[in-house]
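Trainee: I would like the atomic coordinates for the input below:
(4 chains)
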2 protein chains.
Amino acid sequence: MRRPRLAPDGAAAGASGAPSRATIHDIAREAGVSTATVSRVFNQPEKVSARTRDRVEAVIARHHYVSDALARGLASRRSRTLGLVIPTIMNSIYASSTQAIQQAAQEVGYTVLIGISEFSADEEALLIHRLLERRVQGLILTGRERRPDLYEKIRHNRTPFVITWRQSREAALPSISFDNYRAAQAAVAHLIALGHRRIGLICGRSDVNDRALDRRRAFEDSLQAAGLTPDPSLIFERSFEFVDGRAAMHTMLARPERPTAVFCANDIQAIGAMYECQEAGVAVPRDMSIVGFDDLPIARYVTPQLTTIRVPAGEMGARAARALIDAIEAGEEVAPCALVTDLVVRGTTAPPARA
Amino acid sequence: MRRPRLAPDGAAAGASGAPSRATIHDIAREAGVSTATVSRVFNQPEKVSARTRDRVEAVIARHHYVSDALARGLASRRSRTLGLVIPTIMNSIYASSTQAIQQAAQEVGYTVLIGISEFSADEEALLIHRLLERRVQGLILTGRERRPDLYEKIRHNRTPFVITWRQSREAALPSISFDNYRAAQAAVAHLIALGHRRIGLICGRSDVNDRALDRRRAFEDSLQAAGLTPDPSLIFERSFEFVDGRAAMHTMLARPERPTAVFCANDIQAIGAMYECQEAGVAVPRDMSIVGFDDLPIARYVTPQLTTIRVPAGEMGARAARALIDAIEAGEEVAPCALVTDLVVRGTTAPPARA
DNA sequence: AAGCATCTTGCAAACGATTACACAAATCTG
DNA sequence: CAGATTTGTGTAATCGTTTGCAAGATGCTT
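Mentor: Residues are numbered from 1 along each chain as shown, chains lettered A, B, ... in the order given. I've put the predicted structure just below:
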């Protein structure tokens, strides 16, 4: 033994300085059994006689023994861990899918390691690397735009994964998600059906966020399909924040020909836009219709209540986690699944006022 | 070798079925060096000659080799990992401290493992156990009310920790936080100074949340000290949600003698209360003063802007992480530190209307 | 009482890294 | 150019578990 941790006589750490953390050997020795038996007390208690089990458990409790998940994972080649990468924690919509994922994982004894990428691709690549190092048994990713060698790395490391929040219609990658394009289509179609002809868009940055891109494309395509021309001066790409929605609406209201309706690709922006209208004395929905996206709880609490797209964040998270775990245990890839979004018509949309 | 992973001749896994994930041995063999050298390429690259390093790095890249953090942590007895336990991810105030903690940790090469307790003590105990199993080198906890044997377990496992969000004035445990009691005192003092005599409280559940308890106590004590008697029918303990604030205000407005001011121990509740006033035609601040707590971004965006207590969530998180890491590397306990909160007077408070 | 399952338990080899220590080769000194 | 450093690399023990196999103990049949 080159770096002895215990006294030379091999006795348990006694009064000689700070006792090291107890290991399975310490427990085994003190209970008078082998380490195999201690291990079985944890993993297959039914295989250990009640007498022995009690004895071992007493020693465990006495020492506040906490087994080493690193050694356990190494020896068993099972970490019972999932990796999750989300762009931010500050938006409650990601918070609710995260919550659901954790819960679903926990129910079957898995732990979730959360990585926050702050919308940076480099950061995300680093996080994925770190999660693979930790030998997560599966990965839950957000969105789809990433360098192909990242997927290659994940596959090389034999780690199943599932993509959430963005189901592309040409789905080549396993995803449990909904169709952002179609969801946004429904919102815009609603406004067009009400009779709006001049419609603005407040949206996320489509260059860093592929969900924002889907929503923007759906907006433009829907207008085109209805014979309307999207006016670039009524399209605002900003962060998904209250202030950004408010500022964008401020600019729109100052336009000589203001829109009669605005589609916001996010509820927070929509509520910011509503505030700006209220401040400016523009009545919602009489003078301005607003549609949001996400159906956050707060959408029901503002006056008037916000018309929006309900996205099944919690259900999506729970399903993704369960599907991933099934895939892990079956040794297969995740079977894709598309969830449906609903348009929830509330109080912020109405036909345009007769000019 | 009992469970051989490679062909009997010890050759690299060839065309025989699915190749296993590459290990440091595979890399070493293929680069014609020892595993020690491969390890050094990662950990002390300056000790490896440029020629060898290039050769090894090429093999690493070719195989998409990802080293095993479990084995690494086991061998080196350093996981470079911090554990964080928060009650919920759904409240943006915890989100911002979490964000700050992650960032501070990442700057010095640490990773943060996040556990969400959902305000359950049992869940929290389990999470702490799991984090200790993963051999986190330090723990960041939220609040203070927990069974003493939990702290004993943490200490037994030689893991330094720091408590955030709740600094008790009798601080026996290392905390980096602010004084909830004093912060709430400032809010109530402000209302009293304005001339309010009949003041309501909307607060979190003080039985499950010790921050809520501090704030409630400060409220009651401050009234007493000013010669006022707290009216139990004007004290509401609810969840920290919009609806709860709104409902509580609804009940208060229905009282024959309604309060002229309300202190909400949380901005979300405060904004819910404001909405209810608006709905009921009660002018804020003329007929009702409202003070919040947290200074969420949204506090500035509502009309009128919310008077509230600013808590330094981000700063607190960053400091806690840094102090914890310092303590880890020095092998000491965390030195406690108290941050200051400010009362931010905005538009929702004014002297009571002359009756 | 012998034969045979069934329970319990222990032995010891992995798992995939890190890192003292040793030692050979390259470089520097005077 | 011999001796002293420095530099680069390899050997092998170790970290704390799990788990296949073997073997002893126990109980049940005849």
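Trainee: what does the stretch 1-150 of chain A put close to chain B?
Mentor: Neighbours of chain B within the stretch 1-150 of chain A, by Cβ under 8 Å from any Cβ of the partner chain: A:18, A:21, A:63-64, A:66-74, A:79, A:88-90, A:92, A:95-96, A:98-99, A:102, A:111, A:113-114, A:116, A:129-130, A:132-135. (Each C-beta comes from the backbone N, C-alpha and C, glycine too.)
Trainee: ok, now how distant is residue A:321 from residue A:196?
Mentor: To residue A:196, residue A:321 is 40 Å away according to Cβ to Cβ, to the nearest Å.
Trainee: and for residue A:180?
Mentor: With Cβ to Cβ as the criterion, residue A:180 and residue A:196 are 21 Å apart.
Trainee: quick one: which of those two has more around it?
Mentor: residue A:180 (27 against 23; other Cβ atoms under 10 Å in any protein chain shown).
Trainee: residues in contact with that one?
Mentor: By Cβ atoms under 8 Å, 6 or more residues apart in numbering or on different chains, the contact set of residue A:180 is A:165, A:166, A:167, A:211, A:214, A:215, A:218.
Trainee: check residue A:234 too.
Mentor: Contacts here follow Cβ under 8 Å, 6+ apart; on that basis residue A:234 touches A:198, A:199, A:200, A:201, A:252, A:255, A:259.
Trainee: got a pLDDT number for residue A:19?
Mentor: On the pLDDT scale, residue A:19 is placed at 68.
Trainee: same question but for residue A:168, I mixed them up
Mentor: Residue A:168 is assigned 65 on the pLDDT scale.
Trainee: quick one: average pLDDT of the longest helix seen in chain A?
Mentor: Using DSSP state H, we find that the single longest helix of chain A is helix A:313-330. Over the span of helix A:313-330, the pLDDT mean works out to 96.
Trainee: what sits up against that helix?
Mentor: Counting contacts by Cβ under 8 Å, 6+ apart, the residues outside helix A:313-330 that touch it are A:82, A:93-94, A:96-101, A:103-105, A:108, A:110, A:112, A:137-140, A:160-162, A:164-165, A:176-178, A:294, A:333-335, A:337, A:339.
Trainee: got a quick ChimeraX command for the buried subset of the residues of the stretch 1-150 of chain A next to chain B?
Mentor: Of the residues of the stretch 1-150 of chain A next to chain B, the buried ones go into a single ChimeraX selection, burial set by 16 or more other Cβ atoms under 10 Å in any protein chain shown:
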select /A:21,63,64,66,67,68,69,70,71,72,73,74,79,88,89,90,92,95,96,98,99,102,111,113,114,116,129,130,132,133,134,135
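Trainee: chain center to stretch A:25-39, what's the gap?
Mentor: Computed by Cα atoms, centre = their mean, to the nearest Å, the chain-centroid distance of stretch A:25-39 equals 42 Å.
Trainee: sorry, slip of the keys, the one I care about is stretch A:116-131.
Mentor: 13 Å.
Trainee: now do stretch A:80-96
Mentor: On Cα atoms, centre = their mean, the centre of stretch A:80-96 falls 4 Å from that of its chain.
Trainee: quick one: mean pLDDT for that stretch?
Mentor: Rounded mean pLDDT across stretch A:80-96 is 92.
Trainee: just the CA trace of it, in CSV.
Mentor: Extracted in CSV, the C-alpha atoms of stretch A:80-96 (Å, rounded to 0.1, in the frame of the first residue of the first chain):
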residue,chain,number,x,y,z
ARG,A,80,-28.8,6.1,-13.5
THR,A,81,-28.4,9.7,-14.7
LEU,A,82,-30.0,11.8,-17.4
GLY,A,83,-28.5,14.9,-18.9
LEU,A,84,-30.6,17.9,-19.7
VAL,A,85,-29.5,21.0,-21.6
ILE,A,86,-31.8,24.0,-21.7
PRO,A,87,-31.0,27.5,-23.0
THR,A,88,-32.1,29.4,-19.9
ILE,A,89,-33.6,28.9,-16.5
MET,A,90,-35.1,32.4,-16.3
ASN,A,91,-38.0,31.6,-18.5
SER,A,92,-40.8,29.8,-16.7
ILE,A,93,-41.7,27.8,-19.7
TYR,A,94,-38.4,25.9,-19.6
ALA,A,95,-38.7,25.7,-15.8
SER,A,96,-41.9,23.8,-16.1
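Trainee: would you map the strands across the stretch 251-355 of chain A?
Mentor: Applying DSSP state E, counting those that start in this stretch to the stretch 251-355 of chain A gives strands spanning A:261-264, A:289-291, A:308-310, A:337-339, A:342-344.
Trainee: strands of the stretch 101-250 of chain A, start to end?
Mentor: Going by DSSP E, counting those that start in this stretch, the stretch 101-250 of chain A shows strands at A:111-116, A:138-142, A:161-164, A:176-178, A:199-203, A:235-237.
Trainee: let me know which of those strands is tucked in deepest.
Mentor: Ranked by mean neighbour count, the strands of the stretch 101-250 of chain A are led by strand A:199-203 with a mean of 27 (mean count of other Cβ atoms under 10 Å in any protein chain shown).
Trainee: how far off centre is that strand?
Mentor: 25 Å.
Trainee: looking at the strands of the stretch 251-355 of chain A, which is nearest to DNA strand D?
Mentor: Shortest separation from DNA strand D across the strands of the stretch 251-355 of chain A is recorded for strand A:337-339, at 30.8 Å, computed as Cβ to the nearest atom of the strand.
Trainee: so what does the closest one touch, helix or strand wise?
Mentor: Here strand A:337-339 touches strand A:176-178, helix A:313-330, going by 3 or more Cβ pairs under 8 Å, 6 or more residues apart in numbering or on different chains; DSSP states H and E.
Trainee: how about the residues of chain A by DNA strand C?
Mentor: Where chain A comes near DNA strand C, counting by Cβ under 7 Å from any atom of the strand, the residues are A:2, A:32-37, A:40, A:47-49, A:51-53, A:71, A:74-75, A:77.
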